[in-house]
Every structure is written in structure tokens, then in C-alpha cells.
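Enquirer: Sequence and computational prediction follow.
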Amino acid sequence: MRRFAEVFFLFLLFLSSVANSQSLLKDKKNESIDSILSTRGEAYIGIIPSARKSFQIQLPELAPAKVTDSLIYFFVNKDMFSKILETGLNYQVYTAPSMLGFVKMATSLDEVLNGQAYPTYQQYLDLMERFSNNYPELCKIDTIGYSINGRLILAARLHRGQFKDGERPVVFYSSTMHGNEVIGYSLMLMLINDFLVNSENSPQISSILDDLEVIINPLSNPDGTYFLSDTSFFGNKRSNLNNIDLNRNFHDVRSLIKYTYLGLQKENLAMVKYMEKNRPNMSANFHAGAEVLNYPWDSWDPNEKALADENWFIEICKDYVQTARSTDMSYLQLYPEGYVFGSIWYRIAGGRQDFVTYSLHGREITIELSNDFIPAASQIPDFWTKNHLALIDLIEKARFGVHGTIINSVSANPMKAKIEISGYDKNESYILSNPVTGKFFRYLPEGDYSLTITASGYRSETIRVEVNKKETTNLEVRLIPIHKEILVKTIPGKNDLEITLKDDDSEVFTADLYDLSGRKIQENIFIGSSGTVKGFKAHGIYILKVKSEYQQISRLVFFPFP
């Protein structure tokens, strides 16, 4: 019996020792990650795949940065790490990929353009300036905004010829929203150069420059990319200087309300305002950490929110994959098809492709270019070879589909209108024509469609169109104004003038008064949809012109003598 007690006592001591060791290891691990978070603002951790369901339930906002068979990796900031500790999820701390070794940085601009090395921050600025200086008729450089640390966020605007904003389809490429995903950064600089150098040699590029406006933003998170130094990628990070993941910081479309600027990081606020001004009809943002294309929705599962244009998204993704795989069949193999519905891969909120597609009524996809966050510089030419033609072919798709112009049938002025396909569009997939040019560009799979065009104050029009792949269907739609009945009544003795627009309260009208010679007597005597002008001094016969954004109506008005 004594022997049993001794053995049992030793067993308890062993368990206590193990527990103490585990506690010490856990404390040491937490101390390690605290140190990393205090110096870098983000830590790189791994969780075993079997825990994925648990963290998706307990921490739905925790979205992976990289998924493998053995581990799911995350970049976490202090707030997210605190939540992980509260859940008790088991994790392992890993060295950030950008700190595992140095990458080759360029010593000249030509090395960057030849894919031999990565650019320093100053080389990036110099290249963008060189593009515009050497090709002023083809390239203009826009300043989208500034990072928290004051670094420039730039875009190259590529086109040939002069035209009004909104007159051509806009294709927008944007890369490296995650500062440590840099292969897209290099490819975008090489693509700008390719367009400029081959503007006359390539019929495809020449046609694109004639018909489209191509905007390329190579680097949208410069503070993350050059976190430790303007001359090296070593130690760079995914998030911005505030340790916020920019691709989780756009308006959360799940709220189903109109977006605001509230809560946007400085880089994203600048990006949203730029996209509002230069509405992308087609767009893509570029990442790394996997090899796959994904399309909306990231925010909803397929059975939650139907995607009206899913067949079109699949078509453009399939074409991209086929072109890229024509040089390497092993490329883009995370999924057999090479592409996936966003939330089937993993679900996130606040992503850019959902914001652009849902809130801005554009069409955006996400392209994950490489399994490594920072491929060796020696691999850049290989990624260029695999993606070069696919990148250009994707841009060219904006030349096709339904291209139309909406005009006022009376004034022939271009106008803003809503273009919707009955029985097809859903979940904000309608588009709007440009209010200055009246132009719209609708991308659809092959087939026959009925487009319904509506605008306040006009009769709606429904047009049947046939869409063929790699063809353009051109339309001009003239909307007929609905003339409102204007009731004008004077009140003798009070010098009051009552103006009523019968059966209408949706438009804001202004009213000006003219004498019979056409001379304006009084401007903006009335603004609204109905009301009374008090203490009116005029008498005699005048012309009252009532106008809104959509129409103008004139009436003779008699003001009796007192």
C-alpha cells in the first residue's frame, strides 16, 4: 500500500511539473508575442486547420492571411491577439516572412523594369515621374493621396487622345494593399512600362489606349511595404502604420446601408475618394500568399446573397487562368479551376472587391499572384511571363459588352440614369450612367437581355439587346421628360404667389421671373416642389420659368394691379 502511495505521489508531482512547464512555456510564448506586437504592431501566428471552425464561430473577424494543409496563418494586432487569448485558442508564434531573409533591391530603374530586382521607394517615385516625362501624350500620374507617414500613393493614368471624364470605360488595377505582398507591385510597374513602350507595336495595347482609360496603382500601402526602410523590404508588414489591415477596412457591405467615410484609414479614405471621382467599371486588386483568383462575394456565402453577374465573373476568371496556365500548367492551383467564389475560400468583411462591386456598382475581382508573400527577385520574370498576357486580356474585356449613352430627348443633353435588367439584377448590381457624359458600360455573358433605363422625371425605356463575347453592343437611349402640371395662383391683397407642381414632390424646382421682352426680373424667387412666395411686389403680365435638373416649363402669369 505504501509503495502505491509513493508511486501515486510521484505521478502527481510529474503532472504538476508538466502543468508548470506548460504554464511557463505559455507565459514565455505570450511574452514573445507581446514583444513582437510592441515593436512591429503585428505578429504572425499559426493555428491548426482543425481549429478553423472554432475560431470562425468565436472570432468571425479573424481572417487568414495564408492557408496550408498543416497550418492556417494570421497577422494579428494587439486587439485581435487579446481576443484570441480570451477564447483559449491554441496558437504558435512564427517569424514574419519578411524577416526570414533579405531580398534583392534594385540599383537602377532598368533593373526594376526588367524584373531583376525590387524597387526602393525613391526608385518607385522616379519611375512614375519617368513614365509621365517620357510619354506625356499617353501617361499622366495622379496623386491618390498620402500614407500616414506621408508617403505618396500614386496612379498612372494611361490613354491616347482627349476626352471627357466618364466618356470611356475605366479599368483600375491596384496592388499591394498588404504591404508585404510585393510581387504585384513589381508587375504593375512592368505593365505600365509595357503599355508605354509598346503603344505602337502591339495592336491590342494600341486599341486599349484608344478605347479605354487604364489606371494602375502599383502600391497602395507604402508604409507597410517600407516599414523599416525606404531602401529595403526586410521587415515589412501587412498592415498600415496604425496596424490596420486595409483590406478589412472598407465599408462593410453587410450593413446594407449607404457607405460613409467613417472609420476609414487614411490610405483607404484617399482611395475611396479617388474611386468616386474615377469610377472603375472593371477593376482588380493584387495580393500574394496563395495562387488563385476570387470574385465577390467575400462578405456573404453564395446562398445568402445571389451574385447577378456570377457567370460573367466566372468567364473572366476562367479566361485569365487559361491564359496564365498556357505558359505554366501548375500555376494558380489552389483550386482546380484556378478561381473561387470569395467566401468559399474564406469569409471576410470590409474587403475592397465587395465594396467596389456593391457600393460603387463596379465589377472587381481579387488576384492572388504567388504562394510566397515576397518571392525571390529571381522569380519576378517567371511571374511576369505567366501573368503578362492575362493582365492585358483582362483589361481588354472592358471594350466589350453593352456601351450606351442616355440623353434627354428634348434638350439632347446627356444625363444620369439607372440601368437595370429585370429578372437578372439583384443586390445592387444595377449600374448608373455618368451624369456628365450620359455614358454607361454594362458587362454581361453572351445572351439576350432587356435593359430598363429609368430617371426621375422621365418615362422609363426598356431596350432589348443581344450580347456576344468579345463584341460591343452600342446603344443611344433618349428619355422623354414627363411634363408636370404647374399651378400658379396669386392672392389679391396679400401680394402672395402660390406655386404648386401637381402630383410631384420628388424633384426640386427653381423659378425665375421674366418680362415679356425676355429680360430676367427676378432670379430664384422660388426653390422647392411647392410653396408660397410671400409679399410679391410685381404686377402685370410676366413669364414664369420653372426648371429642374430634368426639365424646364414656362407659364404666363398675370399679377393684377392692386
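Expert: Looks like it arrived, so ask away. Numbering: from 1, shown residues only.
Enquirer: how close does the most centrally placed residue in the chain sit to L219?
Expert: In the chain, the residue lying closest to the centroid (CA atoms, centre = their mean) is V356, at 3.9 Å. Separation of V356 from L219 (CB to CB, to the nearest Å): 18 Å. In this view, the C-beta of every residue, glycine as well, is placed from N, C-alpha and C.
Enquirer: What of Y514?
Expert: 56 Å.
Enquirer: separation between the residue nearest to the centre of the chain and P296?
Expert: According to CB to CB, V356 and P296 sit 9 Å apart.
Enquirer: shared neighbours, these two?
Expert: Listed as contacting both V356 and P296 by CB atoms under 8 Å, 6 or more residues apart in numbering are E364.
Enquirer: Identify the residues contacting the closest residue to L125 other than its chain neighbours.
Expert: Among residues not flanking L125 along the chain, L152 sits closest, at 6.6 Å (CB to CB, 6 or more residues apart in numbering). Counting by CB under 8 Å, 6+ apart, L152 touches 125, 143, 146, 222.
Enquirer: Could you tell me how many residues sit around the second one?
Expert: Residue neighbour count, defined by other CB atoms under 10 Å, stands at 12 for T143.
Enquirer: who does it bridge with?
Expert: L154 (DSSP bridges).
Enquirer: Break this structure down into its domains, please.
Expert: Domains of the chain are assigned by automatic domain parsing as 22-94, 109-399, 402-479, 486-559.
Enquirer: average pLDDT for the shortest one?
Expert: Averaged across domain 22-94, pLDDT comes to 83.
Enquirer: for the second one, same thing?
Expert: Confidence over domain 109-399, taken as the mean pLDDT, stands at 97.
Enquirer: Start and end of that domain, how far apart?
Expert: From its first residue to its last, domain 109-399 covers 32 Å (CA to CA, to the nearest Å).
Enquirer: Ramachandran angles for the closest residue to F233 other than its chain neighbours?
Expert: Counting by CB to CB, 6+ apart, F233 lies nearest to V103, which is 5.2 Å off, once chain neighbours are set aside. Main-chain dihedrals, V103, degrees, to the nearest 10: phi -110, psi 160.
Enquirer: The closest residue to K418 other than its chain neighbours: what's it in contact with?
Expert: Leaving aside its sequence neighbours, K418 sits nearest to T454 (CB to CB, 6+ apart; 5.0 Å). Taking CB under 8 Å, 6+ apart, we find T454 in contact with 417-418, 420, 460.
Enquirer: Check A117 too.
Expert: 104-107, 111, 377, 380.
Enquirer: Now restrict the residues you listed to buried residues only.
Expert: Burial by neighbour count, 16 or more other CB atoms under 10 Å: within those this picks out 105-106, 111, 377, 380.
Enquirer: in which helix or strand would I find the closest residue to Y295 other than its chain neighbours?
Expert: Nearest residue to Y295 in three dimensions, chain neighbours excluded: F313, at 3.9 Å (CB to CB, 6+ apart). Using DSSP states H and E, F313 sits within helix 310-325.
Enquirer: what's that helix packed up against?
Expert: Packing contacts for helix 310-325, counted by 3 or more CB pairs under 8 Å, 6 or more residues apart in numbering; DSSP states H and E, involve strand 292-295, strand 339-341, strand 364-368, helix 380-396.
Enquirer: measure T366 to S429 for me?
Expert: 18 Å.
Enquirer: Neighbour count: those two, which is higher?
Expert: T366 (24 against 20).
Enquirer: For that one, list the residues it contacts.
Expert: Per CB under 8 Å, 6+ apart, neighbours of T366: 284-287, 293-295, 298, 342, 351-353.
Enquirer: redo that, cut-off 7 Å
Expert: By CB atoms under 7 Å, 6 or more residues apart in numbering, the contact set of T366 is 285, 287, 294, 353.
Enquirer: now L187
Expert: Contacts for L187 (CB under 7 Å, 6+ apart) come out as 383-384, 387.
Enquirer: Could you rerun that using 8 Å?
Expert: 175, 286, 369, 380, 383-384, 387, 391.
Enquirer: Mind telling me what element it is part of?
Expert: If you go by DSSP H and E, L187 is part of helix 183-197.
Enquirer: Report the buried residues of that helix.
Expert: Going by neighbour count (16+ other CB under 10 Å), the buried part of helix 183-197 is 183-196.
Enquirer: possible to save the residues you listed as TSV with distance to D252?
Expert: Listed next are these as TSV, based on distance: CB to CB, whole Å:
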residue	distance to D252
I183	28
G184	25
Y185	27
S186	31
L187	30
M188	27
L189	32
M190	34
L191	31
I192	32
N193	37
D194	36
F195	35
L196	38
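Enquirer: Does I374 touch N180 like I think?
Expert: Yes - counting by CB atoms under 8 Å, N180 is a contact partner of I374 at 6.4 Å.
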